[in-house]
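A.B. asks: just a sequence and a predicted model for now, questions to come.
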Amino acid sequence: MEIIIQLRNAQVADDFKGIVSTKLKALTRFNVKLERVEVEVIEEKNPRQGKHDHKVVITSRGAGPLVRAEAAEFNGVAAFDKAIENFELQIRKIHERAKEHGRETLRDRAVDLKNF
């Protein structure tokens, strides 16, 4: 998985890249193919934005599904945490739809009583 981080008028913590890569690599537990994930951090200079001046947009591109999540908070890491929750929820839904739920009951199975 290729991870691209773009900063637009924003400054983030020094360990932001490590946090992003750790949390996105954890999503590989779902069997959803993600070739490239773009993380965009935008800082709004508008004073009316108040505590929601950092916006994070996470977008997956490539052969797999197109998934997009965004969130706004008081700093880049908090906004990323909120956005990754939404992103993970969408990935989980895609994973659940792809799974086969073959639910058989005991009545549906053929039981041969001669072998008992």
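C.D. replies: Yep, it's here.
A.B. asks: what's near enough to touch N75?
C.D. replies: By CB atoms under 8 Å, 6 or more residues apart in numbering, the contact set of N75 is 12-13, 54. Backbone N, C-alpha and C define where each C-beta goes, glycine included.
A.B. asks: which of the residues you listed lies closest to L34?
C.D. replies: L34 has its nearest neighbour among these in V12, at 21.9 Å by CB to CB.
A.B. asks: excluding sequence neighbours, find me the nearest residue to the closest one.
C.D. replies: G76 (3.9 Å; CB to CB, 6 or more residues apart in numbering).
A.B. asks: ok, the one you found - how many residues close by?
C.D. replies: Here the number of neighbours of G76 (other CB atoms under 10 Å) works out to 24.
A.B. asks: kindly report the same for the one 10 residues further on.
C.D. replies: Neighbouring residues of N86 were enumerated by other CB under 10 Å; the total is 15.
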